[in-house]
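*Asks:* Okay, here's the prediction I keep looking at, along with the sequence it came from:
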Amino acid sequence: MLDNKDVVLADGAIGSNLIAAGLKRGEPPEGWNLADGGRISALHQSFIEAGSDIILTNSFGASRIALDRYGLAEDTGEINRAAAGLARAAADGAGRPVLVAGSLGPTSFLLKPIGPLTAEEAEEAYAEQAAALADGGADMLWIETMSAIEEMEAASRGAAATGLPFVATMSFDTKGRTMMGTKPQAALEAARAMDQPPAAFGANCGSHPRQLVATIVQLAEAAEAGEIIIAKGNCGVPKLTANGIQYDGTEAVMADYAQLARDAGARIIGGCCGTTAAHLAAIREALDKRPAGARPDAARIAQKFGPEEG
């Protein structure tokens, strides 16, 4: 797809949008693949109508390890096949090329020696999940929100076993590091050094779009020729309101984020937590209509988003 486009638009948030649609606290979003697939289909459809070229499956927390906390471990295969099938049906009905990316999120456990999980156990869980997503119709696999290099590597081995192309993103905080202390350049170098490196690498989630853009600048500066960078930032910062958690990013903020992420060097751009179809439509318009600019420096980022808080 990138052979024909300078920039490809991914989708928005799944979890926060499902909460807005009625997902209860403590309820796994992935359970809706079987219990309420119509709402998942509607969300995929809204992203496609907003202009997404890639939609992610509702399987972020659908590894056997992650599902076990809800007593759903034995449903791992069925949940992931359904996740891919729902996205596949939406993509096939788009009337234009739309790729289905099977989402592989963290297990929620750290790997040994810090945590209880071995690399082999993690790889086995990811391989099982990835295989089910492939069986359900995924075109590719999308490893996301990783904080530890070791888990990203385990997920990558599991994804690679399917033979499908895969990409990977890590989450960086306001200090420009993952939760485990890894900086963007080191993360990219680790991804590059894998026996089967991801087809694209980047950053997702994190904090404010300003930090995501700053991370993309670092990744682009460290990238080698031909390496593809992904940006999938949160829609502002979450705020507790009378209606629950709301993200404060406006459509204008997300349009600015997309413009700067593209200028920074990202070629796959989307939104993470809080990003709705309306935000995606604004991103699509910005990418289509705003002229490309120079790679943003700190001053330009601050001009768009304001100074770093704290």
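*Replies:* On my side now, so go ahead. Numbers count the residues shown, from 1 in each chain.

*Asks:* Residue 280 against residue 49, yeah?
*Replies:* No: the pair formed by residue 280 and residue 49 falls short of the contact definition of C-beta atoms under 8 Å, at 9.1 Å. The way it works is simple: take the backbone N, C-alpha and C, and place the C-beta from them, glycine included.

*Asks:* neighbour-wise, which of these two wins?
*Replies:* residue 280 (28 against 12; other C-beta atoms under 10 Å).

*Asks:* can you pull the contacts of that one?
*Replies:* Neighbouring residues of residue 280 by C-beta atoms under 8 Å, 6 or more residues apart in numbering: 9, 11-12, 47, 50-52, 254, 270-271.

*Asks:* Okay, and it sits in which element?
*Replies:* Using DSSP states H and E, residue 280 sits in helix 277-289.

*Asks:* Would you map the helices across this protein?
*Replies:* Remark: helices assigned in the chain by DSSP state H are 15-20, 32-35, 37-50, 64-67, 76-92, 119-136, 149-160, 184-193, 209-222, 251-264, 277-289, 298-305.

*Asks:* could those go into CSV alongside mean pLDDT?
*Replies:* Shown next, in CSV, are those (pLDDT from 0 to 100):
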stretch, mean pLDDT
helix 15-20, 95
helix 32-35, 98
helix 37-50, 99
helix 64-67, 98
helix 76-92, 99
helix 119-136, 99
helix 149-160, 99
helix 184-193, 98
helix 209-222, 97
helix 251-264, 98
helix 277-289, 98
helix 298-305, 93
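
*Asks:* Would you mind putting those helices into a markdown table with distance to residue 106 alongside?
*Replies:* Shown next, in a markdown table, are these (distance: least, C-beta to C-beta, whole Å):
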| stretch | distance to residue 106 |
| --- | --- |
| helix 15-20 | 13 |
| helix 32-35 | 19 |
| helix 37-50 | 21 |
| helix 64-67 | 8 |
| helix 76-92 | 15 |
| helix 119-136 | 9 |
| helix 149-160 | 6 |
| helix 184-193 | 15 |
| helix 209-222 | 18 |
| helix 251-264 | 23 |
| helix 277-289 | 24 |
| helix 298-305 | 27 |
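
*Asks:* These: which one's closest to residue 105?
*Replies:* helix 64-67 (7.3 Å; C-beta to C-beta).

*Asks:* name the helices or strands packed onto the closest one?
*Replies:* Counting contacts by 3 or more C-beta pairs under 8 Å, 6 or more residues apart in numbering; DSSP states H and E, helix 64-67 packs against helix 76-92, helix 119-136.

*Asks:* can I get those helices in JSON lines with mean neighbour count and distance to residue 183?
*Replies:* Listed next are the helices and strands packed on helix 64-67 as JSON lines, based on neighbours: other C-beta atoms under 10 Å; distance: least, C-beta to C-beta, whole Å:
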{"stretch": "helix 76-92", "mean neighbour count": "23", "distance to residue 183": "32"}
{"stretch": "helix 119-136", "mean neighbour count": "22", "distance to residue 183": "22"}
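
*Asks:* need the ones you listed in a markdown table with distance to residue 28, can you?
*Replies:* Converted to a markdown table, those look like this (distance: least, C-beta to C-beta, whole Å):
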| stretch | distance to residue 28 |
| --- | --- |
| helix 76-92 | 9 |
| helix 119-136 | 14 |
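
*Asks:* Out of the ones you listed, flag the one nearest residue 65.
*Replies:* helix 119-136 (4.8 Å).

*Asks:* which strands and helices sit next to the closest one?
*Replies:* Right, helix 119-136 is packed against helix 64-67, helix 76-92, strand 99-104, strand 140-146, helix 149-160 by 3+ C-beta pairs under 8 Å, 6+ apart.

*Asks:* contact partners of it?
*Replies:* Contacts for helix 119-136 (C-beta under 8 Å, 6+ apart): 57, 59, 62-65, 76-85, 88, 102, 104, 107, 109, 111-112, 141, 150-151, 153-155, 157-159, 161-164, 166.

*Asks:* Kindly calculate the angle that it makes with strand 140-146.
*Replies:* Following axes from the mean of the first three to the mean of the last three C-alpha atoms, to 10 degrees, one obtains 140 degrees for the angle between helix 119-136 and strand 140-146.
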